[in-house]
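Asker: please work out how this folds:
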Amino acid sequence: MNKWKKTHGQAILEFVLVLPIILLIIMGTFDLARAFSIKIVLLNAAREGANYLSNHKDDETNCGSYCYMETIDVVQNEASSSGINIAPGDVTISGCCAVGEPVKVSVNHQINITIYSLFYGPLQISGSEWMVVLK
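Answerer: Below is the predicted model:
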């Protein structure tokens, strides 16, 4: 019986010491899954923008505060359908708009990941897609 009294609190102490590590691993797993999900959304948005621009090369001349406004709208709509808000300045278009030449649409987004942000600040995620201008 004396043996049980000496080790009775050991299990509780081990649980208290291991619990924060387990919680950090669980939070890290959720944050990593969220980052991959956002990466997929950005790739899809860039693909939709590149697809639109490859078929509507006249969007190059539509300049207001930003050029390529219709392409940027397509990118923003695709991302917002998944809950991600993209600013017009976060969409970059290059290589446009000669027929037969590739066009590249890149989308950037910044997120705060719990553990990563503690040490390095917000995480910058981007997605880009190349397509050939058709007409």
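Asker: the helices in this protein, which residues?
Answerer: For the chain, the helices defined by DSSP state H cover 2-7, 10-55, 69-80, 114-120.
Asker: report the angle between the longest one and helix 69-80.
Answerer: When axes from the mean of the first three to the mean of the last three CA atoms, to 10 degrees is applied, the directions of helix 10-55 and helix 69-80 differ by 150 degrees.
Asker: which other helices and strands contact helix 10-55?
Answerer: Judged by 3 or more CB pairs under 8 Å, 6 or more residues apart in numbering; DSSP states H and E, the packing partners of helix 10-55 are helix 69-80, strand 91-94, strand 102-111, helix 114-120, strand 123-132. To be clear about C-beta, it is placed using only N, CA and C from the backbone, and glycine gets the same treatment.
Asker: that helix relative to strand 102-111, how many degrees between them?
Answerer: With the same axes, to 10 degrees applied, the angle from helix 10-55 to strand 102-111 works out at 150 degrees.
Asker: any idea how far apart the tips of stretch 117-130 sit?
Answerer: 31 Å (CA to CA, to the nearest Å).
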